[in-house]
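J.: I would like to see how this sequence folds:
(one chain, ligands or ions: 1)
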Amino acid sequence: MVLLSIKMKNIQRYNQIYQKSIDVTWSNTELPDKVVKYLNYIKNNSENYNQLQVLDVGCGRGRLIKQLTKDGWKDITGIEIAAAAVSDLPPKIRSKIIVGDFLKQKFISRFDVVVDITMTCSSEPENGKPIFSKIFSLLNQNGYYLGEFFTEPVNYNELDQTWCLDQRNFRRILKKQFEIVFFETDPKIQGSVFFCAQKK
Ligand SMILES: C[S@@+](CC[C@H](N)C(=O)[O-])C[C@H]1O[C@@H](n2cnc3c(N)ncnc32)[C@H](O)[C@@H]1O
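T.: I've put the predicted structure just below:
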């Protein structure tokens, strides 16, 4: 059964996760403090934060989008591969979300902020580099890339398979194209690294 779920395509796996409410471990929790800190940092360092274009990759049930909307950010787009994640969302939030595969989606605009809260670690390992390159190419110069990745496997359920990144390796790759602003752990969330970097 475990092998079956690993072989299952991400789109099917995540639709099942959301249909069975296995996502409560992230969807029903507060946004990580570090992510909130990074967004406040960007807010405080921008003349007009509410005009910044934000993309949330693998946005799930939209917990970040809901928070940003509440905080006055105006231009937010989410992309989520699993339609089941967004089916019950209020229209105001649902209208900001594209249902599709981030790697296949064509975007017309570029973004000032791309947020990736564990999406890369939820996608098959061979997608890591293409996801990273796409995020880089979608960012405007001086744009911010921020988020969370796992350094240890986090598998609460057989369907919920995740992959980890080597933090030294990730930092090295990040440094080539970004100025690292924050790169840190949180004692409350073991096995995760949080980062915020600015495109050079
Ligand atoms: C662990 S969840 C985190 C959800 C959300 N970022 C949050 O913090 O609430 C990872 C999400 O990435 C989505 N995902 C995985 N691969 C994707 C892809 N190629 N394109 C879009 N979304 C994807 C999954 O469906 C899932 O909703």
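J.: what about the helix or strand where E148 lies, average pLDDT?
T.: Using DSSP states H and E, the element containing E148 is strand 139-150. Averaging pLDDT along strand 139-150 gives 97.
J.: Quick check: buried residues in it?
T.: 139, 143-150 (16 or more other Cβ atoms under 10 Å). For every residue, glycine as well, the C-beta is placed using N, CA and C.
J.: can you map out the strands along the chain?
T.: 53-57, 75-80, 97-99, 111-117, 139-150, 178-186, 189-199 (DSSP state E).
J.: ok, and what's touching the first one?
T.: Counting contacts by Cβ atoms under 8 Å, 6 or more residues apart in numbering, the residues outside strand 53-57 that touch it are 62, 64-65, 68, 73, 75-79, 102, 107, 109-117, 119, 131, 135, 138, 140.
J.: Okay, angle between it and strand 139-150 too, please.
T.: If you take axes from the mean of the first three to the mean of the last three Cα atoms, to 10 degrees, strand 53-57 sits at 30 degrees to strand 139-150.
J.: Give me the pLDDT for the residue sitting nearest the centre point of the chain.
T.: Centroid-nearest residue in the chain, with Cα atoms, centre = their mean: D116, separated by 2.2 Å. Model confidence at D116, given as pLDDT, is 98.
J.: Which residues are in contact with the nearest residue to W73 once chain neighbours are set aside?
T.: Distances taken as Cβ to Cβ, 6 or more residues apart in numbering place N50 nearest to W73, at 5.7 Å, with adjacent residues excluded. Each residue near N50 by Cβ under 8 Å, 6+ apart is listed here: 72-75.
J.: Equivalent analysis for L159, please.
T.: With Cβ under 8 Å, 6+ apart, L159 has these contacts: 5, 8, 13, 16-17, 20, 22.
J.: which parts of this structure sit against the ligand?
T.: Contact residues, the chain versus the ligand (Cβ under 6 Å from any ligand atom): 10, 14, 26-27, 58-60, 63, 79-82, 85, 101-103, 117-119, 122-123.
J.: Where does pLDDT dip in the protein?
T.: Applying pLDDT under 70 to the chain flags the ranges 1-7.
J.: Just the buried subset of the contacts of L159, please.
T.: By 16+ other Cβ under 10 Å, these give 5, 13, 16-17, 22 as buried.
J.: All good on my end, thank you.
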